[in-house]
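Trainee: what follows is a predicted protein model with its sequence.
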Amino acid sequence: MRELQEEVDEAKERHTELEREREALSARLQQAVTRADSEALSRRVAEEDIAELEKEKMMVELELKDAGAKHRADARNLEIQLASLKDAEGDLLQKVDGLSRDNADLQSKLQALAQENQVRYLVVVSYFTFEQGCLSFYEIIFFCFTAFHRL
């Protein structure tokens, strides 16, 4: 009976040991399931984030493409404006040259007219002075000759 008792005790002990092992395995299984659920949730969140980032990337690429096209169009417009302004500058420089030549011609004509008027003034003054008897005829000739010589 003792033997039976020992077998029963051993069986109980073995049962207790197997029960503890089952509980440990059950706890490890529960931890593994929890970890797997957590990893699956993390994976879904990561996949959603990736999908959102892909959408954002596409939007940025489209915006970049549009900005590049706008930049190229603006650059073409600026090149056209620059060419137009260079043409206008050339035309204006030609006009300035022409006006400078005209101005120089007018200045020389004005100077000639001023000298001519000065001579006329001297002649008139000399004539009136001769009429009043202040100068001799030869003095008047000398003044007129000097005045014409200045021209």
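Mentor: Thanks, I have the structure now.
Trainee: SS state for Ala88?
Mentor: Secondary structure assignment for Ala88 (DSSP: H, G, I helix; E, B strand; the rest coil): helix.
Trainee: number of residues surrounding Phe142?
Mentor: 13 (other Cβ atoms under 10 Å). For every residue, glycine as well, the C-beta is placed using N, CA and C.
Trainee: who's in contact with Ser42?
Mentor: Ser42 makes no contacts at all, as judged by Cβ atoms under 8 Å, 6 or more residues apart in numbering.
Trainee: so it is in which element?
Mentor: helix 2-131 (DSSP states H and E).
Trainee: lowest average confidence, helix or strand, in this structure?
Mentor: Within the chain, no helix or strand scores below helix 137-150, which has a mean of 65 by mean pLDDT, DSSP states H and E.
Trainee: check what pLDDT Val125 gets.
Mentor: Note on Val125: pLDDT of 68.
Trainee: check the one 4 residues further on too.
Mentor: What the model reports for Thr129 is a pLDDT of 65.
Trainee: and the one 3 residues further on, by the same measure?
Mentor: Here, the pLDDT recorded for Gln132 equals 64.
Trainee: do the same with Val119
Mentor: 69.
Trainee: and what of the one 3 residues further on?
Mentor: For Leu122, the pLDDT comes out at 67.
Trainee: begin at 13 from now on, thanks
Mentor: Sure thing, new numbering starts at 13, so read that last one as Leu134.
Trainee: count of neighbours near Arg14?
Mentor: The burial count for Arg14: 6, using other Cβ under 10 Å.
Trainee: any idea how far it is from Ile62?
Mentor: Plainly put, Arg14 is 70 Å away from Ile62 if you go by Cβ to Cβ, to the nearest Å.
Trainee: what do you get for Arg34?
Mentor: 41 Å.
Trainee: with Lys69 instead?
Mentor: Taken as Cβ to Cβ, the span from Lys69 to Ile62 is 10 Å.
Trainee: do Asp49 as well
Mentor: Relative to Ile62, and taking Cβ to Cβ, Asp49 is found at 20 Å.
Trainee: kindly report the same for Lys24.
Mentor: Taken as Cβ to Cβ, the span from Lys24 to Ile62 is 56 Å.
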